[in-house]
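Peer 1: What would the 3D arrangement of this be:
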Amino acid sequence: MFGFEDMLHSEFTELPFKIMFYVIIFLFGICIGSFLNVVIYRLPDPDSPSILGIGQTKEDKEKASHCMTCGTKIRPIDLIPVFSWIMLRGKCHSCGSKISARYPLVESLNGLLYVLTFFVLDINVKSIITCVLMSFLICIGFIDWDTKEIYVSMIAVVLLLAVPLHIFYSMEHEDVALKSRIIGAFIISVPFFVIGEVSRPIIKKKFGEDFRAIELGDTYLMFAAGAFLGTQAVITSTFIGVIVAAIGGLINKYATQDSKFAFGPFLAIGIAVGSLCGNQIAQWYLNLLSAK
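Peer 2: Down below sits the predicted model:
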């Protein structure tokens, strides 16, 4: 499909090409990561200017590009992803107030996930689609961490990504069967929904608070992830997400004395791992069981 398809794993591809390719992918990834910061910051805030700049007034544009402390307009040179934050040593060039390390973190994370995706999957359609998935998982994870809310619109995109992945990638490669994707959509989301429904009245009776042990946003996310990954990989993703969430929950409990925390970021970590090697991990585990 591409002239460069599956070149990274080829023994005939020279090292300089691979290095150049990964550098370009990382730089492209951090640029996309800069936009993800905008989405993470503005989407939960109804008073923020439009993410895509649609319908923005001159005042909106000025408001969207200034220091949150002193109000000074941000210079173009200060908008270079990652590198500007390093050059400014994490401070505003005008007033010296600290700039959150989250900005370069999100940018770098997106760039590194793009590189890791191509490193594991090589150059093909699946890698491109998976990179889009990674970016949406970053937005879902950070927004849920901030607001404890997962936007259905983002989950819908994850679900829709399963369509081109199945159609285009299956044309030339052995891929997850449609049956596996359908089962995968329900195998985790249905138990999550049941747990949420059963836990809600129990929690309300015991603590007087109206919330679910597993919220609907997490349930919808795993429905979409199951359709994208297939049965084996989504089970692996859930297992990883739950383990990481348990560790994160203990740390959060120790630091804040609050047992409530966002589950979405940890599920996003599991889905990211599952999209790269979920089936391989599942097969390794099944082979381990059969060997016993």
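Peer 1: all contacts plus neighbour counts: C-alpha atoms, from now on.
Peer 2: Noted.
Peer 1: thought Pro81 was touching Ile30?
Peer 2: Yes. Pro81 is within contact range of Ile30, at 6.0 Å (criterion: CA atoms under 8 Å).
Peer 1: Of the two, which one has the most company?
Peer 2: Per other CA atoms under 10 Å, whichever of Pro81 and Ile30 has more neighbours is Ile30, with 26 against 23.
Peer 1: still on that earlier bit, so what sits against both of Pro81 and Ile30?
Peer 2: Counting by CA atoms under 8 Å, 6 or more residues apart in numbering, the residues touching both Pro81 and Ile30 are Glu107.
Peer 1: measure Arg89 to Gly111 for me?
Peer 2: Arg89 is 20 Å from Gly111, where distance means CA to CA, to the nearest Å.
Peer 1: Those two: who's more crowded?
Peer 2: Between Arg89 and Gly111, Gly111 has the larger neighbour count (other CA under 10 Å), namely 27 against 13.
Peer 1: how about that one, secondary structure?
Peer 2: Judged by DSSP: H, G, I helix; E, B strand; the rest coil, the three-state class of Gly111 is helix.
Peer 1: residue ranges with poor pLDDT in the stretch 1-150 of the chain?
Peer 2: Across the stretch 1-150 of the chain, the ranges flagged by pLDDT under 70 are 1-4, 49-50, 52-65.
Peer 1: all helices for it, in order.
Peer 2: Applying DSSP state H, counting those that start in this stretch to the stretch 1-150 of the chain gives helices spanning 15-42, 58-63, 83-87, 102-121, 125-147.
Peer 1: can you list contacts of the third one?
Peer 2: Judged by CA under 8 Å, 6+ apart, the contacts made with helix 83-87 from elsewhere in the structure are 77-78, 91, 99, 104.
Peer 1: So for it, what gets flagged as buried?
Peer 2: The neighbour-count check on helix 83-87 (16 or more other CA atoms under 10 Å) flags 84-85 as buried.
Peer 1: give the contact list for the residue lying closest to Ala224 once chain neighbours are set aside.
Peer 2: Leaving aside its sequence neighbours, Ala224 sits nearest to Leu159 (CA to CA, 6 or more residues apart in numbering; 4.4 Å). By CA under 8 Å, 6+ apart, Leu159 lies in contact with 223-225, 227-228.
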